[in-house]
Every structure is written in C-alpha cells, then in structure tokens.
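Novice: here is my input, please return the structure:
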Amino acid sequence: MPRCLIVVCAVAPVVIALGCGGEDMVTPGHSVSLDVVSGDKQTAPTNSDLPNPLVVRVTDASGHPVPGQIVNFRATAGGGSMFAGAGATNADGVVKDRWTLGPTAGQQRAEARAVDNTTGAAIVFATFTATAVDTTTPPPPPPPVFGSFRVLSGDQQSAVVGSHLPDPVVFLVLNQSGQPFAGFTFTLRSLHCDLTNGLDCFSTAGDDQLTNATLTTGPDGTAAFTGWMFSHVAGTKCLGFYPGTAPPRSESDIGILAVCAQALPGPVTTLVLLGSPSPIPGNSSILDVSVQAKDQFDNQIDGVTVTFTPSAGGSVSPMSDQTHTIPSTPYIAANTTWTLGPGSNTLLAAAGSVSLLITP
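Specialist: The predicted model follows:
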C-alpha cells in the first residue's frame, strides 16, 4: 500500500503534521510529502539489480506534484549501491533510481532522502527494504586424484605351486593429499618376474590365476585381495597394480609393481640325471655326476639331500650332496665325483624314497 506523509505549515508557531504509512518520515514545518509508488519489498539474488526501480512521488500540501525536488537514494544496510544516487522529480513529481543489492543475504535497506530547499534541513522521506537471496552454489570439491598405494599386509608370502596364498594381500590407496582414497577401483595382473639379477619383471604376462582381480577400496581406503592362486611354475611371482578396470595398454605395460610372493616347488617325485656322466680330463675312469630333484610339475628343487651309492669296487666323493644352483647356469643339482671300479659299474642316487640308477 502506498505510504504518504502530509505536513501543513501554519502561520502560528504551532505546526501540525499528519502522516500515514509505515516508516515514512517528515520533519515538522515542511510542506511536502512523499508517496512510495513502487519498488518496496522486492527480492533478488545478492550482488544483483532489483527487477524494478525504486519509484517515489513528491506532492505539496494540496496534493499537487512538486517538480524539481532533489531526492537522494542511499543503500543503508547490506552493502548495496544505487545506480544514480540522486535525481530531480519530473513534472509529475516522480523520481526513480535503481538499487543493486549487496553481498549480504537477508534483508537490506535503502532510503529516499532530501534537503529542504528553504531551511536546509535533512529529510528522510522513506525507507525501502529488499530481500537478498544467496543463490551461489559453491562448486563441488574436485574429485580426489590417485596418489599412491602401499601394501599393508600379505607381501612376500610363500606357498606351494598350484595353491592359494595363505593370507589376503591388503592394499591401502591414498589420494594426492595423502589421505585414504575411498571408492577407488584398481585391477591386478599377474607378472612374470626373475631374481637372477635383482627383481626384474618381464612384459609377458604371468601365468598365475587371479580371481576377482578388480577391487574397489572401502571407506578407509583399503581393499583385500584373496584370489591369488599360483600356477604350476615355481619361482618369484608378482602382481602389477593398474588404476581403473581397463587392461594394460600393451603387453609391455607392467603397471606399478605391487607385491611379490614365492611359489615353492612341491615334494620330490623324481630324480633326473643332468646330462651324462662326464670323465674328468686325463682320466676316463673318474666321472662327474649331477642329479636334479624335481616335483610333479617338473620344477627343480633346491636344498634336497641326495645320497650316492656306487656298486662294488667303485667309490664316490662326496657320498651325499644338497641340490644347489650351479654357477653360471639355470640348473639346480647335487654333484659327486664317481670313480669306477673294475667290471660293470652302477651308481644309485636317492632322495628319501625316490631313487635313480645311473650307469656310466
């Protein structure tokens, strides 16, 4: 509803002031009044213009428009601003200004002011209010980025070929801020590695069987892998770590080396002669003999004690030896020197209940 103030000046010192409407104010002794035509109680986002201007109309005591009256507009609460800040009423006594709200959400205020042309007194004609709405939605935080991982437990285990690792391998994944990365998905891949010259993993994929090799970390950034089953090949087995679910980009992509374990040979099932007994130089009756111990999958076995028993008339030195790596070769064998006796000769190599009969 429009608000108005009417002041009538009397000849006598007594001044009568009549007013109506809200917060409109007038100083006694002034014969002008102001109507808020429109623009009060608007709503707009913070730091934006109100959709409609602030419009006021100045009239004299008889209700006639007062042209040429200077009216100042000021934002007094909320940090806003006016486009012009001041203007003179037109022939209809109307003056307008635009209000840009400030950054403070909630109610903001502005005033229409004037200075009495006769007395110089300050007059606050009216107060406008507006509601500033904060429509700024803070941008979502950037998604976390993979930083690193480490193996909390399960590294450097051992198990017999053809079996599962006894304990799970537990990974902790961290983001670039070093915090646990929940919901991160990664894939593991079997790698073919060798320890001959330090750990060296080749581009060809390993032959271990991995079940459920794509994992997603829990709220604490960890994931446990329980699906590692060794193939029938003994040796150092490792897993490559690949962020995401995609397979390696190429066969040479070994990912990030994650964890290694030892696949141990099974029990001795056969003894195998490594090559033929070879005479030492200059004496054909003395032979070097090398015997390998192997499991059911043909894996060489280290550390097996092999005893050597020659037939009558012959001799061996030593009478027993443990299988070991023969320098500069990929072979593991037990060695002895066999001195032949007269006539027919045999040599019995034995490891527990497994034996091999050797002839020259």
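Novice: in the stretch 251-360 of the chain, which spans are strands?
Specialist: For the stretch 251-360 of the chain, the strands defined by DSSP state E, counting those that start in this stretch occupy 256-264, 270-273, 278-280, 283-294, 305-310, 315-317, 320-322, 324-325, 332-339, 347-351, 354-358.
Novice: so which of the ones you listed gets nearest Thr136?
Specialist: In terms of Cβ to Cβ, the element of the strands of the stretch 251-360 of the chain nearest to Thr136 is strand 256-264, at 40.8 Å. For glycine as for every other residue, the C-beta is placed from the backbone atoms N, C-alpha and C.
Novice: mind listing what's buried along that closest one?
Specialist: For strand 256-264, burial by neighbour count (16 or more other Cβ atoms under 10 Å) applies to 258-261, 263-264.
Novice: now do stretch 208-226
Specialist: Buried positions in stretch 208-226, judged by neighbour count with 16+ other Cβ under 10 Å: 208, 210, 213, 215, 217, 221-223, 225.
Novice: farthest pair within the residues you listed?
Specialist: Across the buried residues of stretch 208-226, the longest distance by Cβ to Cβ is 25.6 Å; it joins Asp208 and Gly221.
Novice: on that earlier part again, which stretch among the strands of the stretch 251-360 of the chain comes nearest Ala182?
Specialist: The minimum distance between Ala182 and the strands of the stretch 251-360 of the chain falls on strand 256-264, with 19.2 Å, by Cβ to Cβ.
Novice: distance of Pro144 relative to Leu287?
Specialist: Remark: distance between Pro144 and Leu287 (Cβ to Cβ, to the nearest Å) = 68 Å.
Novice: for those two, indicate the residue with more neighbours.
Specialist: More crowded of Pro144 and Leu287, by other Cβ atoms under 10 Å: Leu287, with 22 against 17.
Novice: now do the more buried one, the pLDDT please.
Specialist: For Leu287, the pLDDT comes out at 95.
Novice: nearest spatial neighbour of it, chain-adjacent residues omitted?
Specialist: Distances taken as Cβ to Cβ, 6 or more residues apart in numbering place Pro277 nearest to Leu287, at 3.9 Å, with adjacent residues excluded.
Novice: and if you look at Asp60?
Specialist: Closest to Asp60 by Cβ to Cβ, 6+ apart is Val66, at 5.4 Å.
Novice: surely the one you found meets Asp92?
Specialist: No: checked against Cβ atoms under 8 Å, the pair Val66 and Asp92 is beyond contact range at 9.8 Å.
Novice: common neighbours of these two, please.
Specialist: Here Val66 and Asp92 share no contacting residue, scored by Cβ atoms under 8 Å, 6 or more residues apart in numbering.
Novice: so what's the residue nearest to Asp60 up against?
Specialist: Each residue near Val66 by Cβ under 8 Å, 6+ apart is listed here: 32, 58-60, 89, 93.
Novice: repeat for Asp155
Specialist: Neighbour list for Asp155: 169, 259-261 [criterion: Cβ under 8 Å, 6+ apart].
Novice: what is the burial count for the residue nearest to Thr226 when sequence neighbours are not counted?
Specialist: Excluding the flanking residues, the one nearest Thr226 by Cβ to Cβ, 6+ apart is Pro168, at 4.5 Å. If you count neighbours by other Cβ under 10 Å, Pro168 ends up with 15.
Novice: surely Pro168 meets Gly154?
Specialist: Yes: between Pro168 and Gly154 a contact is recorded at 5.7 Å, counting by Cβ under 8 Å.
Novice: if anything else comes up later, I'll come back, but that's it for now.
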